[in-house]
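[1] show me the folded form of this:
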Amino acid sequence: MDFDNEVLFDEISALLAGGKEVSVTVKGHSMMPFLVGGRDRVTLRRCEDGSIRRGCVVLARVSGGERVVLHRVIRRSGDKLVLQGDGNRVQTETADVASVAGVAVSFVRKGKTYPAQGLVWRAYSLFMAAFMSLRRLLIKLRINGGYIKQASKGYRGGIILSCAIGITAVMLSLAFIYYSKHVIDMATGTASGSIASALIILAVIIILQLLCSAAATWVGVRLQIGLGNSLRHNVFSHIISGRWAELEQFHTGDIVNRLERDTASVVSLLSGSLPAFVVSFVQFVVALAFFCLLDPWLPWLVVAVFPLLLLAGRFYTKKMYRYTRQIRKSDSLIQSTIQESLQQRVVVKALEQAAGRVGTLDSQQSALRSQIMGRTRFSILSRSFISAAFAIGYLAVFAWGVVLLSSGAITFGTMAAFLQLVGKVQYPILDMARIVPSLVEVLASVDRLRELEQVPSEDESRRVLMPCVPDVVLDNVTFTYDASERPVLDGFSYVFPAGSCTAVVGVTGRGKTTLIRLLLAFVTPVTGRISLVCGGECRDVSPQTRCNFTYVPQGNTLFSGTIRDNLLMGNPAATDDDIRRALSAAEAGFVYSLPAGIDTRIGEQGGRLSEGQAQRIAVARALLRQSHVLLLDEATSSLDVATESRLIGNLRRECRGKTFIIVTHHEAVAAACDAVLRL
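    Numbering: from 1, shown residues only. Coordinates of the predicted model:
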């Protein structure tokens, strides 16, 4: 139920705040099926903070202040509420406890009043809570199932083959039981036939089982490698082409953890758990049928525990999901701490914070240990319960078999078959039950991978290279990273003429780096326009126009590998002569004095090179890229004045006609430019 009349809501809130009870007519369909819009009514009363619980129906303004709803509380976490109408399939709203105007105390349906604390409404609320929880779970399974189905694309044939091999192995194992029963009966004289022939058949079955085992291992490994490579490729390619602003909310350590751990969970399900579940189910059905042929009643005693497992399954799944989600989050925190500490190891050593970083890691690992041990205790308890139930079933079969054997109702071969079939019936149930934690783990992993894939991708399919060096025009641009904060740029206008060299200077935090991000379309302005103007052609900046820019960011931006590898990132088709000219212009001729020249291997972030050397190689890489505008963001900050002056002079000479936008704090660099933009 939505209120579109703000005045009405304010009046209702005022009456409720004054201690009055207010009766309102239900609108819309969100409280169906119990309450129908336009027909039924709800009586509201002011509520205290502590009285707002899961299941209450409240009148509240949703987060953002755009809408007011009369919905049920489906979850409360501190002062945050998650609301959903009974008739809404998927849509939920969030609200603060402080935004709740009142809580429903009674409901009028078809003229009859039902108190909120009455038996009818409470029973209906319990039913709706269970129904909505089940509906959310089914929707979640459908969405996550769609993701898993997409992840299996191209490998479904291998999954089917793995299932077929497993089913063949099941049939062979049952055939082994049948012929071993026959051999025992022949040996004891209760059946006729050739023992030698039966033993040959058993030997053939064993050989076929060994072949099936080898084939299953081979297919499983191929599936695991192929699925893992494919899924990581898809997720990584989406991340690497995702929008910069949205990706900034994720820590790189968290992303790496998701790429490694969560993709591994999905791959494990598709290559192992899913075929195992299918094979276990087939084994259960076929073994149960075989058992029933030997004795029509005894098998049902073995599977009597199955309904208990189903009953406990819902509680088990929810608790395991919470544990897995917490463990995955702790894993990501640990990965982030290790990665940051290694990347900033020089700072850690300089500040003598090694012990502090180790302490942080220890505390995070301690939390992870507690979570894993909690999950392990719960898992052990659950498995012990299942194992005890199965042991009772085995004992019952053994006792019943002894009774039948002593009375002459069955043969020794049948008794042996009984004892073997108990495992063939029970263990598939146990295996299917054990797959549930894997499924829960995968659901948590899919949620985390989907969060990454929900990051919007940039459209880089069509590059728009301007026909000539363009003017870069900013017209009344306003930008802020957070709507609640003061704009970084407010109504900013400026023109960088084609072929000019402009220094951008200003105190820290005034928007110099933000300006670069806007030009590269990493972020978009809240208002205003940024365009490239070339003759009569005008294009707004976008990911497609990024090819017109070459960007050299602040700091060390080299990758591990050879210096040649790093340089060719600017232009994969560059020749050795092109590389030599670029290095010379960037004052990076020192490269040729290294033992292996441009084929010298460097570590992560230019290990073995000084900051100034790494910056000059990055500038050379930028010079190899064919573009119209060169963006330098403090790209020469680690150079001495003389080298920096020569470098700027070389750039202007080698790139004559191109536009330079240089972010700098050095007045000498600014003085060498055509214009200075002060922010």
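[2] show me where pLDDT drops low in the stretch 401-550 of the chain?
    By pLDDT under 70, the low-scoring segments of the stretch 401-550 of the chain are 433-434, 436-437, 460-461, 484.
[3] ok, now with 80
    Using pLDDT under 80 as the threshold, the predicted model of the stretch 401-550 of the chain has low-confidence ranges 401-427, 429-441, 444, 456-463, 482-485, 506-510, 535-536.
[4] same question for the stretch 551-679 of the chain.
    Scanning the stretch 551-679 of the chain for pLDDT under 80 picks out 554-561, 603-609, 635-640, 668, 679.
[5] mean confidence for the helix or strand hosting residue 198?
    For residue 198, the host element (DSSP states H and E) is helix 195-240. For helix 195-240, mean pLDDT rounds to 87.
[6] now for it, which elements pack on it?
    Secondary structure elements in contact with helix 195-240, counted by 3 or more CB pairs under 8 Å, 6 or more residues apart in numbering; DSSP states H and E, are helix 119-151, helix 156-187, helix 263-268, helix 412-453. Every residue, glycine included, has its C-beta placed from N, CA and C.
[7] on the three-state scheme, residue 24 is what?
    Reduced to three states with DSSP: H, G, I helix; E, B strand; the rest coil, the structure at residue 24 is strand.
[8] without its sequence neighbours, what residue ends up closest to it?
    Setting aside the residues directly before and after it, residue 24 is nearest to residue 42 in space (CB to CB, 6 or more residues apart in numbering), at 5.8 Å.
[9] now do residue 517
    Counting by CB to CB, 6+ apart, the nearest residue to residue 517 once its immediate chain neighbours are dropped is residue 523, at 5.0 Å.
[10] and that neighbour, that's in a strand?
    No. Assessed by three-state DSSP, residue 523 does not belong to a strand; its assignment is coil.
[11] can you tell me the number of residues neighbouring it?
    Per other CB atoms under 10 Å, the neighbour tally for residue 523 reads 17.
[12] that one: what's it in contact with?
    When contacts are counted by CB atoms under 8 Å, 6 or more residues apart in numbering, residue 523 touches 244-245, 479, 481, 514, 517.
[13] mind running it again at 7 Å?
    With contact taken as CB atoms under 7 Å, 6 or more residues apart in numbering, residue 523 is in contact with 244-245, 479, 517.
[14] contact partners of the host helix or strand of residue 246?
    When elements are assigned from DSSP H and E, residue 246 belongs to helix 244-247. Taking contacts as CB under 7 Å, 6+ apart, the residues outside helix 244-247 that touch it are 239, 455-456, 522-523.
[15] may I have the phi/psi pair for the residue nearest to residue 517?
    The phi and psi values for residue 523, taken as degrees, to the nearest 10, are phi -130, psi 160.
[16] in a strand, residue 31, correct?
    No. With three-state DSSP as the criterion, residue 31 is assigned coil and is not in a strand.
[17] that one reaches residue 84, doesn't it?
    No. With contact taken as CB atoms under 7 Å, residue 31 and residue 84 are classed as non-touching, separated by 10.5 Å.
[18] looking at these two, which is more packed in?
    residue 31 (26 against 22).
[19] from residue 494, how far off is the more buried one?
    Look at residue 31 and residue 494: by CB to CB, to the nearest Å, they are 55 Å apart.
[20] which SS state does residue 495 fall under?
    strand.
[21] all further residue positions should be reported with the first residue as 35.
    All set: I'll call the first residue 35, so the last point we hit is now residue 529.
[22] got the contact list for residue 297?
    The neighbourhood of residue 297, defined by CB under 7 Å, 6+ apart, consists of 262, 265-266, 269, 483.
[23] so how do I select the buried members of those residues in PyMOL?
    Buried members of the contacts of residue 297, identified by 16 or more other CB atoms under 10 Å, are gathered into one PyMOL selection as follows:
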select buried, resi 262+265+269+483
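[24] wait, which of the contacts of residue 297 is closest to residue 353?
    Of all the contacts of residue 297, the one with the least separation from residue 353 (CB to CB) is residue 483, at 22.4 Å.
[25] my guess is residue 536 meets residue 530, correct?
    Yes. In this structure, residue 536 sits in contact with residue 530. The criterion is CB under 7 Å, and the distance is 5.5 Å.
[26] which residue is the nearest non-sequential neighbour of residue 578?
    Of all residues not flanking residue 578 in the chain, residue 498 sits nearest, at 4.4 Å (CB to CB, 6+ apart).
[27] what count of nearby residues applies to that neighbour?
    Close neighbours of residue 498, defined as other CB under 10 Å, add up to 16.
[28] quick check: phi and psi at it.
    Residue torsions, per degrees, to the nearest 10, at residue 498 are phi -110, psi 90.
[29] residue 492 too?
    Phi and psi for residue 492, reported as degrees, to the nearest 10, are phi -80, psi 140.
[30] same question, residue 149
    Recorded main-chain torsions at residue 149 are phi -60, psi 150, according to degrees, to the nearest 10.
[31] that one pairs with what?
    Under DSSP bridges, the beta-bridge partners of residue 149 are residue 140.
[32] pretty sure it contacts residue 138?
    No. Counting by CB under 7 Å, residue 138 is not a contact partner of residue 149; they are 10.0 Å apart.
[33] so between the two, which is more surrounded?
    Taking neighbours as other CB under 10 Å, residue 149 and residue 138 compare with residue 138 leading, 22 against 14.
[34] confirm the more buried one sits in a strand?
    Yes. Residue 138 sits within a strand when classified using three-state DSSP.
[35] what about it, distance to residue 72?
    Spatial separation of residue 138 from residue 72 under the definition CB to CB is 18 Å.
[36] swap in residue 322?
    Applying CB to CB to residue 322 and residue 72 gives a distance of 55 Å.
[37] of those two, give the one with the bigger neighbour count.
    Using other CB under 10 Å as the criterion, residue 322 and residue 72 rank with residue 322 on top: 17 against 8.
[38] wasn't the more buried one part of a helix?
    Yes. Counting by three-state DSSP, one finds residue 322 located in a helix.
[39] read off the pLDDT value for it.
    Residue 322 is assigned a pLDDT of 81 by the prediction.
[40] likewise residue 317?
    Residue 317 carries a pLDDT score of 85 in this model.
[41] helices or strands up against the helix or strand hosting it?
    According to DSSP H and E, residue 317 maps onto helix 308-328. For helix 308-328, the elements it packs on are helix 190-221, helix 332-336, helix 446-487, judged by 3 or more CB pairs under 7 Å, 6 or more residues apart in numbering; DSSP states H and E.
[42] and the angle from the longest helix anywhere in the chain to helix 446-487?
    Selection of the longest helix in the chain by residue count, based on DSSP state H, yields helix 388-440. Angle of helix 388-440 versus helix 446-487, following axes from the mean of the first three to the mean of the last three CA atoms, to 10 degrees, is 150 degrees.
[43] so what does helix 388-440 touch, helix or strand wise?
    Using 3+ CB pairs under 7 Å, 6+ apart as the contact criterion, the elements in contact with helix 388-440 are helix 332-336, helix 340-377, helix 446-487.
[44] any idea of the angle the last one forms with helix 308-328?
    Here the directions of helix 446-487 and helix 308-328 differ by 160 degrees (the same axes, to 10 degrees).
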